[in-house]
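**Student:** Next input, structure requested:
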Amino acid sequence: MQVVDLKQWQENAQIFHFRGEQFCYWTSVNPADKPALLLIHGFPSASWDWSPMWSTLEKHYHLIAVDMLGFGFSSKNPNADYSINFQADLQQALLQHLKIENHSVLAHDYGDTVAQELLARDHHKHHIQQMFLLNGGLFPETHRALFVQKLMLSPVGFLTPFFINKKLFLRSFAKICAKPLSSEELDGLWLLMAHNQGPAVMPKLIHYMKERRLHRERWVSALANSRTPLVLINGSDDPISGAHMVRRYRQIVQTNHIYELPGIGHYPQLEDPASVSQLVLETSSV
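**Tutor:** As a prediction, the model looks like this:
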């Protein structure tokens, strides 16, 4: 499984406008009557992360993925509302636009937090059929942020866009991926982040870490009290949210659907897309 050429991926994007901002999104070509699967990407990447798994998953699911506000090919308005609530509103608005009600969710990293908010909203509606979670800061007490992320949150965080360059970006990915990504993948991830002056909004996006602490009770309770089937697929060698996060997850979430991938780091969908795809399909309850 390989990533789709980034130029081709961009050409296949569709446009969706929401609250004055423009978003790029992707859907399966022939969804037919397949169950819907909403893919929610992480920080600081974009929906292109899912491209190695796309052709496999779309045989079984109607796939939907959008570059969220501040990410990838979507709007990066420096004056916009970069909150998890906005990103969750965006996901729901896109599903409504596509006339999709019942659906499952596959999320990663920052996307896990958006998924937790969606799960909290869905508690009495039961539109989410199943939720698959990849490496992410599900619990603020177990999240181990990188130095550059901590710097963005500091009083001098507004200065960090001036120092974000490709060399620093690649160094960060080398730290968090146990299985090295290809040069094509790394170049694409950098281009997506840098697109349309992306580094300028990074200090605004990074405030999701503060939101995780502020809304911990709501978002952790959504997992602990979920009536929706949950599946955790986690790269064990992730220094940010690896095996140490899984130990906390076992304490809080009552589920046996936990799959640890040894030798895999923070980006399972890029480091080992075949295993992640297989686990999603094998554990699907839809």
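
**Student:** ok, residues contacting the helix or strand harbouring residue 64?
**Tutor:** Applying DSSP states H and E as the criterion places residue 64 in strand 62-66. In this structure, residues lying in contact with strand 62-66 by CB atoms under 8 Å, 6 or more residues apart in numbering are 16, 23-28, 31-32, 34-41, 47, 50, 54, 57, 74, 90-91, 94-95, 98, 100, 103. Any C-beta I mention is one placed from the backbone N, CA and C, and that applies to glycine too.

**Student:** low-confidence ranges in the stretch 101-250 of the chain?
**Tutor:** Applying pLDDT under 70 to the stretch 101-250 of the chain flags residues 159.

**Student:** Could I get the full set of helices for it?
**Tutor:** Listed in chain order, the helices found in the stretch 101-250 of the chain under DSSP state H, counting those that start in this stretch are 110-121, 147-153, 166-176, 183-194, 202-205, 208-214, 216-224, 243-252.

**Student:** residues of the helix or strand just after the strand holding residue 64 that come out buried?
**Tutor:** Past strand 62-66, further along toward the C-terminus, the next helix or strand under DSSP H and E is helix 84-97. Of all the residues in helix 84-97, those buried under the rule 16 or more other CB atoms under 10 Å are 84, 86-95.

**Student:** could the residues you listed be laid out in a markdown table, adding distance to residue 280 and pLDDT?
**Tutor:** Formatted as a markdown table, the buried residues of helix 84-97 follow (distance: CB to CB, whole Å; pLDDT from 0 to 100):
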| residue | distance to residue 280 | pLDDT |
| --- | --- | --- |
| 84 | 24 | 97 |
| 86 | 27 | 98 |
| 87 | 22 | 98 |
| 88 | 22 | 98 |
| 89 | 26 | 98 |
| 90 | 23 | 98 |
| 91 | 18 | 98 |
| 92 | 22 | 98 |
| 93 | 25 | 98 |
| 94 | 21 | 98 |
| 95 | 19 | 97 |
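
**Student:** give me every residue that touches the residue most central in space within the chain.
**Tutor:** The chain has residue 41 as the residue nearest its centroid, 2.5 Å off, counting by CA atoms, centre = their mean. Residue 41 sits next to 47, 49-50, 65, 67-68, 71-72, 108-111 when contact means CB under 8 Å, 6+ apart.

**Student:** ok, now how distant is residue 172 from residue 135?
**Tutor:** 15 Å (CB to CB, to the nearest Å).

**Student:** typo on my end, residue 285
**Tutor:** Counting by CB to CB, the separation of residue 285 from residue 135 is 22 Å.

**Student:** that older thread, give me the more crowded residue out of residue 172 and residue 135.
**Tutor:** residue 135 (28 against 17; other CB atoms under 10 Å).

**Student:** Just to check, the more buried one is in contact with residue 271?
**Tutor:** No. Using CB atoms under 8 Å, residue 135 is not in contact with residue 271, being 10.0 Å away.

**Student:** Between those two, which contacts overlap?
**Tutor:** In contact with both residue 135 and residue 271: 235, 265, using CB under 8 Å, 6+ apart.
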